[in-house]
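Participant: please find the sequence and the predicted model below.
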Amino acid sequence: MMSDVLFHNTLSRKAEPIQPSKGNLVGMYCCGPTVYAQAHIGNFRTFLSQDVMRRTLQIAGFKVIHVRNLTDVDDKTIAKSREECKPLQEVTELWTKVFHRDCERFNMLKPQIEPRATDHIQEQIDMIANLLDQGHAYATDDGSVYFRVSSFENYGKLSRLKERELTTSAADSSPNDSDEYERDSMADFVMWKSRKEGDGDVFWESPWGQGRPGWHLECSAMAMKYLGSNLDIHSGGEDLIFPHHENEIAQSECSCNSQFFKYWIHCAHLLVEGGKMSKRLNNFYTVDDIEKKGFPPVVLRYALTSGAYRQTINFTMDSLHAAQSALVRLKRFSDDILGTSGLKRSALLKAIGKGKHLKDDWGMFAAAWEKLSNDLNIPAALGSIFTSIKSAKIEELDPEAAAKYAIPYHKLIYALGYDLDQFIAEKPKVDAPEEIKKLAFERWEAKQSKDWATSDQLRDALQKQGWKILDKKDGYVLEPL
Ligand code: AMP
Ligand code: ZN
């Protein structure tokens, strides 16, 4: 028994019901992290949205094969290993471990397959050879190989490049050998990069000489290898639409002469305090930074996923406080309804994860499920959940009636991926840095001696640094803003 799940397909610009190519098995390929630093909360907005997609498909009755790659060789990883004078593998192994630890703390489901680009060099070389044979690629004198964009009639179908070019007139057909580029151009892109001095000892032998694959190729080769007959969903952040996904489509469709993935799903970006966030600009937060402010990963998960995934969200500290109190309410209802029904949270969630309870009635949570399965309208689903739990009169229920609420409620909690057993305090507990404590003490002293001007001045200074003082009967408490 499967129910409809609709996702917005960037290819058609429409919400479409997911209909897998084979039975109820959905192949889902997500472009994974570039493992050269700790993933920031923007990256996790995308990875968490994909986790909710997978969980929602599961609750709807689909089986999902989730593949998420690790980009462990590209311009950025090589630059980092040079900067740190460490072998490439040492750098990428370290950041892969940190990534896995963060995913676990966010309660994300592990992909069944997590292929590394460096373990699939042969597959990438084979794909290039095939494209050369078919005339879709050409080698240059320096031993690089480029994809010939003009040989693929549909180039630009995902990002609607041709339509955009009519207005930007940014056509430029000169070959481009960087992994990332932002120009709206029809540039031939690199699939094999000949060895350069800056690559150090990072190179592989190929029929075109020593070198390494271009970034776009790895996803094509690994998606084909692991999901060749289940090319259903391909997903990433919106920055990947062009050129990464456009180039993946070109290489793959030319090499196999058939459609490469049916549904292309993209998550909008996360901004921080209104600005763009990137590893390069060094203005990003990690899950550790947020935890140091007193918020466990489950609270961050809520804050990062409670908006619609196709809309840009602006991350603020206030959103963490709102997430904290929302989770307290969700947990309280879970505790109360489980208490009455006699069910145990971990056992129930485990059973749901294994596909039990799929046939159970949604009851008063039908509207919430309807919103969630309609292109992951999480804000509307949460709104509906809060309305329902407010009207539930648990004290009037017997255990059997309570189970009828508890089961669909926890199916939604499973889909949203909240680990309600992770520590959720009514208020975040956080220890302020020494200099903040010192300022707070000076302010308290000023207040005791009725020096209101100094006291106000110090309160404002603390506020500017992100701390609020709450006066108590015989002292004060510091809270992060
Ligand atoms: P990267 O590690 O840079 O390859 O990125 C991993 C994933 O995070 C990709 O799907 C990106 O599109 C996505 N991503 C990068 N920056 C952001 C952001 N600020 N907000 C949401 N997703 C992002
Ligand atoms: Zn990719």
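Facilitator: The structure has been received and is ready for your questions. Model, not experiment: these values are computed from the prediction. Ligands and ions are numbered 1, 2, ... in the order given.
Participant: how does the chain divide into domains?
Facilitator: As assigned by automatic domain parsing, the chain contains the domains 6-267, 272-416, 434-480.
Participant: tally of neighbours for residue 411?
Facilitator: Neighbours of residue 411 under the rule other CB atoms under 10 Å: 25. Heads up, the C-betas are built off the backbone N, CA and C, glycines and all.
Participant: kindly report the same for the one 5 residues further on.
Facilitator: The criterion is other CB under 10 Å. On that basis, residue 416 has 25 neighbouring residues.
Participant: wait, it touches residue 378, no?
Facilitator: Yes - between residue 416 and residue 378 there is a contact at 7.2 Å, judged by CB atoms under 8 Å.
Participant: any shared contact partners between the two?
Facilitator: 52, 305, 372 (CB atoms under 8 Å, 6 or more residues apart in numbering).
Participant: need the residues you listed in TSV (columns: distance to residue 178, neighbour count and pLDDT).
Facilitator: Supplementary listing: the shared contacts of residue 416 and residue 378 in TSV, determined by distance: CB to CB, whole Å; neighbours: other CB atoms under 10 Å; pLDDT from 0 to 100:
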residue	distance to residue 178	neighbour count	pLDDT
52	33	19	98
305	32	25	97
372	39	27	98
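Participant: from those residues, which single one is nearest ligand 1?
Facilitator: residue 305 (11.5 Å; CB to the nearest ligand atom).
Participant: close enough to count as contact, that closest one and residue 416?
Facilitator: Yes - checked against CB under 8 Å, the pair residue 305 and residue 416 is within contact range at 7.1 Å.
Participant: now do the shared contacts for these two.
Facilitator: 52, 378.
Participant: return the residues of the stretch 151-300 of the chain in contact with ligand 2.
Facilitator: residue 219 (CB under 5 Å from the ion).
Participant: got a pLDDT number for whichever residue of the stretch 151-300 of the chain sits closest to ligand 1?
Facilitator: Per CB to the nearest ligand atom, residue 237 is where the stretch 151-300 of the chain lies closest to ligand 1, at 2.1 Å. pLDDT for residue 237: 98.
Participant: then residue 3?
Facilitator: So, for residue 3, pLDDT stands at 78.
Participant: same check, this time on residue 317
Facilitator: In the predicted model, residue 317 carries a pLDDT score of 85.
Participant: tell me how many other residues crowd it.
Facilitator: 14.
Participant: helix, strand or coil: sort out the residue nearest to residue 286 when sequence neighbours are not counted for me.
Facilitator: Counting by CB to CB, 6 or more residues apart in numbering, residue 286 lies nearest to residue 38, which is 4.7 Å off, once chain neighbours are set aside. Of the three states, residue 38 takes coil according to DSSP: H, G, I helix; E, B strand; the rest coil.
Participant: can I assume residue 402 sits in a helix?
Facilitator: Yes - per three-state DSSP, residue 402 lies within a helix segment.
Participant: let the chain start at 119 from now.
Facilitator: Okay, using 119 as the starting number, the last item reads as residue 520.
Participant: so what's it up against?
Facilitator: 455, 458, 459, 460, 512.
Participant: same question for residue 145.
Facilitator: 138, 139, 183, 185, 345, 347, 348, 349, 350, 351.
Participant: what separation do you get for the nearest residue to the third one once chain neighbours are set aside and residue 133?
Facilitator: Counting by CB to CB, 6+ apart, the nearest residue to residue 183 once its immediate chain neighbours are dropped is residue 145, at 5.2 Å. Distance, residue 145 to residue 133, using CB to CB, to the nearest Å: 20 Å.
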